[in-house]
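Asks: Would you be able to build a 3D model of this:
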Amino acid sequence: MAYVEVDGVRVHYVEHGSSTGPGVSTAVMIHGFPVDHRIMTGAFEPVFADRPGWRRIYVDLPGMGRTAAPDVGSTDDVFRILRGAVEALVPEGAYVVVGQSYGGYMARGLVAADPERVAGLATVVMLVEPRHELRQLPGRRVLVRDSGLVERIGVEALEAEEVLVVQTEETWERARQEVDPGLAIADPVVTARIGASYAGTFPVEPAPFDKPALIVVGRQDSMTGYRDAWDLLEHYPRATFAVLDRAGHALNIEQPGLFEALVGEWLDRVEEARRAARPESDRLSRTA
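Replies: Got it, this is the predicted structure:
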């Protein structure tokens, strides 16, 4: 297990891909609340499997996963420690940031804090409005429910499932593997304190971010919704905005083909922009 210390907090992270070599790019991956890095590795490692040259850093946020942080008490604390971890793990050079749900909120903060270094942004079911009562949310509904799963799990358990709007054997098992472990080990005292101070005071969109971006939301997401993301349209002039039908807060599980295609196309745009930004002498030497 790997850790980096920030203000007395040992931040746990998982790293995939090479961190050295010519042309290596870094992606910082930030999970939602109150799960852990496994929700991100399950979603994104299949996309990176056939894409060499990427270092992926999956961070466990304070009070979640294996990052114990008994003194953390707010989203501002979480962001401060996350930013310190990123500075320690990526001390120089550009990087891209990827956030899921609450992690998308954190990612927007990182972009605002260091727009020159962040070369791209991707968010999935992003938390736009931290105050739940102000979110524009569709009603909770289930679009698909396999009869075999009903027989095996029971209707009551399926009705209690808050994330999935597509309830099949595959989506159910992936949620059990990627979502449940993080929920089980989150510190309930710390996450309750963070939940009570959920809205951060750090900037998120002080200026337009004119680099490759991807914002993907679920049409049936009753947790963070989809409408609020459209208020950000003009802040990201190089963003692909996508709202996926048959998808809720676990859209990468429910629509894996579309999700992986969109992330892959975003990475294509990031890599294209990186090639264009190289000094002309470097580009010529590589093609000579």
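
Asks: residue contacts, residue 119?
Replies: By C-beta atoms under 8 Å, 6 or more residues apart in numbering, residue 119 lies in contact with 25, 94-96, 211-212, 270, 273-274. Bear in mind the C-beta positions are built from the backbone N, C-alpha and C, glycine included.

Asks: Could you pick out which of the residues you listed are located in strands?
Replies: Counting by DSSP state E, the members of those that fall within strands are 25, 95-96.

Asks: Looking at neighbours, which among those is most surrounded?
Replies: When neighbours are counted by other C-beta atoms under 10 Å, residue 96 leads those with 25 neighbours.

Asks: Setting the sequence-adjacent residues aside, check what's closest to that residue.
Replies: Excluding the flanking residues, the one nearest residue 96 by C-beta to C-beta, 6 or more residues apart in numbering is residue 120, at 3.9 Å.

Asks: all helices for the stretch 151-288 of the chain, in order.
Replies: With DSSP state H, counting those that start in this stretch as the criterion, the stretch 151-288 of the chain has helices at 155-160, 169-178, 180-185, 188-196, 251-254, 256-277, 280-287.

Asks: what about these, which gets the closest to residue 9?
Replies: helix 188-196 (10.8 Å; C-beta to C-beta).

Asks: Which residues does that closest one contact?
Replies: Helix 188-196 is contacted by residues 33-34, 62-64, 69-70, 72-75, 77-78 when judged by C-beta under 8 Å, 6+ apart.

Asks: Of the residues you listed, keep whichever come out buried.
Replies: For those, a neighbour count by 16 or more other C-beta atoms under 10 Å gives the buried set as 33-34, 62-64, 69, 72-75, 77-78.

Asks: From the residues you listed, pick the one nearest residue 246.
Replies: residue 33 (24.3 Å).

Asks: my read is the closest one is in a helix, agree?
Replies: No: looking at residue 33 with DSSP: H, G, I helix; E, B strand; the rest coil, it is coil, so not inside a helix.

Asks: Need the per-residue pLDDT for it.
Replies: At residue 33, the model reports a pLDDT of 98.

Asks: so who does it touch?
Replies: Neighbouring residues of residue 33 by C-beta under 8 Å, 6+ apart: 61, 64, 101-103, 127, 191, 194-195.

Asks: how near is residue 146 to residue 175?
Replies: Shown here: residue 146 relative to residue 175, a distance of 14 Å by C-beta to C-beta, to the nearest Å.

Asks: go on, residue 150?
Replies: Taken as C-beta to C-beta, the span from residue 150 to residue 175 is 16 Å.

Asks: Likewise for residue 36?
Replies: On the measure of C-beta to C-beta, residue 36 and residue 175 end up 14 Å apart.

Asks: So which of the two has more stuff around it?
Replies: residue 36 (27 against 19).

Asks: Assign the more buried one to helix, strand or coil.
Replies: Per three-state DSSP, residue 36 ends up coil.

Asks: Can you show me the strands along this protein?
Replies: With DSSP E as the criterion, the chain has strands at 2-6, 9-16, 25-30, 54-59, 95-100, 118-124, 144-145, 166-167, 213-218, 239-244.

Asks: Could you list which residues are in contact with residue 100?
Replies: By C-beta under 8 Å, 6+ apart, residue 100 lies in contact with 30-32, 39-40, 43, 123-126.

Asks: Any quick PyMOL command for the buried ones out of these?
Replies: Selecting only the buried entries of the contacts of residue 100 in PyMOL, with 16+ other C-beta under 10 Å as the criterion:
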select buried, resi 30+31+32+39+40+43+123+124+125+126
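
Asks: Tabulate the contacts of residue 100 (a markdown table), appending distance to residue 249.
Replies: Shown next, in a markdown table, are the contacts of residue 100 (distance: C-beta to C-beta, whole Å):
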| residue | distance to residue 249 |
| --- | --- |
| 30 | 16 |
| 31 | 13 |
| 32 | 8 |
| 39 | 11 |
| 40 | 14 |
| 43 | 12 |
| 123 | 13 |
| 124 | 9 |
| 125 | 5 |
| 126 | 11 |
